[in-house]
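Engineer: here is the input, now give the coordinates:
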Amino acid sequence: MVEPPRRKFVPPGSATTLTTRTSKTGTALPAAVKHGRLSNGPGTHEIPVELFANNRTRLIEQLRPKITGKPVVLLQGGDEVPLYDTDNLYAPFRQESFFMWTFGVVEPGCYGAIDIQTKTNYLFVPRYPDSYRIWNGHLPSPAHLIKKYGLHQVNYVDELLPVLLKMTPTVLLTLRGVNSDSSVTSKEARFPGIDKFQVNNAILYPEIADLRVFKNDYEIDVLRYVVEVTSEAMRSVMRFARPGKTDRQCVAEFLRYSSVEGGCEPAATMCTCAAGENAAFVNYGGTADVVLLPPDGLCVLDMGACYFGYCGKISCTFPLGGKFGTRQKLIYEAVLAARDAVFKELRSGVEWTDMQLLSQRTLLGELKTAGLLRGDLDQMVNSGLGVIFHPHGIGSFLGLDEHDVGGFIGAKPAEGRAVNVLRTTRVLEERMVLTLGPGCYFNDMLLDEAAENASLNRFFVTEILRKFRGLGGVKIQDDVLITKNKAICLTKLPRTVTEIENWLAGKDDTKYYN
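Structural biologist: Predicted coordinates:
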């Protein structure tokens, strides 16, 4: 197997020219906080702590005009969670995303506060017993954490109440809101003695969620890096995967590469490898069974690396036999046409709902041209036929979560079968980062339901469509950055049929590394 060369690093901020918007990107930072860089070792991306200081500045600017008095933001980070009743085995820890966005702190069990009036920030960390030094190692001092994270003050969690009382806030702003993708309520800060303060938990969630939609320059640099690592790891899996390997081995190769070569943490999401008929299931991979890759058929990889909480998430489809068959090529190029049609339109001011409809229209048009469908294209789109082959939205916001927050801040979910699967309906703006992932799946349940629906089955050319059952599916997903006049694709993968076949044959292409 030919090993790809190591990536070429881009200095922070040098590769992207974006309009600076004070309300979204914050003002200049005081020199006092310009120290500290986070990384996972030599050769990995160094994250300046200014990233998080910038986010705090943006939050302060956002809140100041909207609330009087002396408000203090109070956030609670994530905690380590033991597995069942064990005492030494914990679920992999990943910092709570709102806390990570605000403070950049990777340790569990913390609180963070910001005095909106004075702009002073505070971190509160657990006070571990002396026995920790016997079993676990040295403990970082408050002075070390101040320097590491570029913060003003670090105290212990057991000092939280007296420090807050000394700050004399008129109101504590805590975080409470419902994630529009998961319907799960965010973690609100709680501690003994909070009843001594006036608390407002309604203001903060929509404000930070909206700010998270618009990435600052440092965040864009991190996302470039993690998407590049994700691309490298996926290119490695494409050559690793072959008949006789298992789906779990392919996932393991992705995790190995992204960790060893890119310094990435546990994956951004559940990574999946779906081959043959299993590729008809959008989120295949949650079963307990180990599946051998078939000697022929399409393989869909849906994977993402994670670096200090920031996520990459891309998908590719390729033939396990090294060459696309006739029907495989037809469906792959239909999905690629949908991806290309949408990508060409992406820019600030574009309606995301329109992009969903464009993707479906393009895909259905390609299927009609290939003889699988018949009838009026407008009627197909309006009937919701596209959802039968493409049952998900074309993408979501991307950042500290694979499905990042803010999808319906200032917007409402779309109505109608063709668009009600969307995770956002917002108008695109500069500095948004999204996934763009059209697909086409021959899912028996959806096709059988459509075959019984007179408003949908009138478009089917049944004798041709039947030949594609069992093909599985195709998904092509990229990560894109929105600018004023275009979108920038952050993904670096072979995408055309020729590029994919050449890559699988061991032929190299330097464009994946520049």
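
Engineer: just checking, next helix/strand downstream of whichever helix in the chain runs longest?
Structural biologist: The single longest helix within the chain, with elements called by DSSP state H, is helix 217-240. Downstream of helix 217-240, the first helix or strand assigned by DSSP states H and E is helix 247-260.

Engineer: which helices and strands sit right next to that next one?
Structural biologist: If contacts are counted by 3 or more C-beta pairs under 8 Å, 6 or more residues apart in numbering; DSSP states H and E, helix 247-260 sits against helix 217-240, strand 272-275, strand 298-303. From N, CA and C alone the C-beta is placed, and that goes for glycine too.

Engineer: one more time with 6 Å
Structural biologist: On a contact count with 3 or more C-beta pairs under 6 Å, 6 or more residues apart in numbering; DSSP states H and E, helix 247-260 meets helix 217-240, strand 272-275.

Engineer: ok, the residue lying closest to Pro266 once chain neighbours are set aside to Met303 distance?
Structural biologist: Distances taken as C-beta to C-beta, 6 or more residues apart in numbering place Pro92 nearest to Pro266, at 4.6 Å, with adjacent residues excluded. From Pro92 across to Met303, the span is 16 Å (C-beta to C-beta, to the nearest Å).

Engineer: which of these two has more residues huddled nearby?
Structural biologist: With neighbours defined as other C-beta atoms under 10 Å, Pro92 and Met303 compare such that Met303 has more, 27 against 9.

Engineer: surely that one meets Phe254?
Structural biologist: Yes: counting by C-beta atoms under 6 Å, Met303 touches Phe254, with 5.0 Å between them.

Engineer: residue ranges of the helices in the stretch 51-200 of the chain, please?
Structural biologist: Ranges of helices within the stretch 51-200 of the chain are 97-103, 132-135, 142-149, 160-167, based on DSSP state H, counting those that start in this stretch.

Engineer: just to revisit the earlier point, overlap in contacts of Met303 and Phe254?
Structural biologist: Cys271 (C-beta atoms under 6 Å, 6 or more residues apart in numbering).

Engineer: read off the pLDDT value for Asn201.
Structural biologist: Reading off the confidence values, Asn201 has pLDDT 97.

Engineer: I figured it hits Gly177, correct?
Structural biologist: No: look at Asn201 against Gly177 with C-beta under 6 Å: they stay out of range, at 8.5 Å.

Engineer: which neighbours do those two share?
Structural biologist: In contact with both Asn201 and Gly177: no residue, using C-beta under 6 Å, 6+ apart.

Engineer: burial measure for His392, as a count.
Structural biologist: 18.

Engineer: so it lies in a strand, does it not?
Structural biologist: No: counting by DSSP: H, G, I helix; E, B strand; the rest coil, His392 falls outside a strand, being coil.

Engineer: going forward, begin numbering at 34 instead of 1
Structural biologist: Sounds good: first residue 34 from here, last item His425.

Engineer: can you pull the contacts of it?
Structural biologist: 315, 454.

Engineer: and it, how far is that from Gly382?
Structural biologist: Using C-beta to C-beta, His425 is found at 24 Å from Gly382.

Engineer: now do Glu399
Structural biologist: In terms of C-beta to C-beta, Glu399 sits 27 Å off from Gly382.

Engineer: more neighbours, the two?
Structural biologist: More neighbours surround Glu399 than the other of Glu399 and Gly382, with 21 against 11 (other C-beta under 10 Å).

Engineer: can you report phi and psi for that one?
Structural biologist: For Glu399, the backbone dihedrals (degrees, to the nearest 10) come out as phi -70, psi -40.

Engineer: same check on Thr201?
Structural biologist: Dihedral angles for Thr201 - degrees, to the nearest 10 - are phi 50, psi 60.
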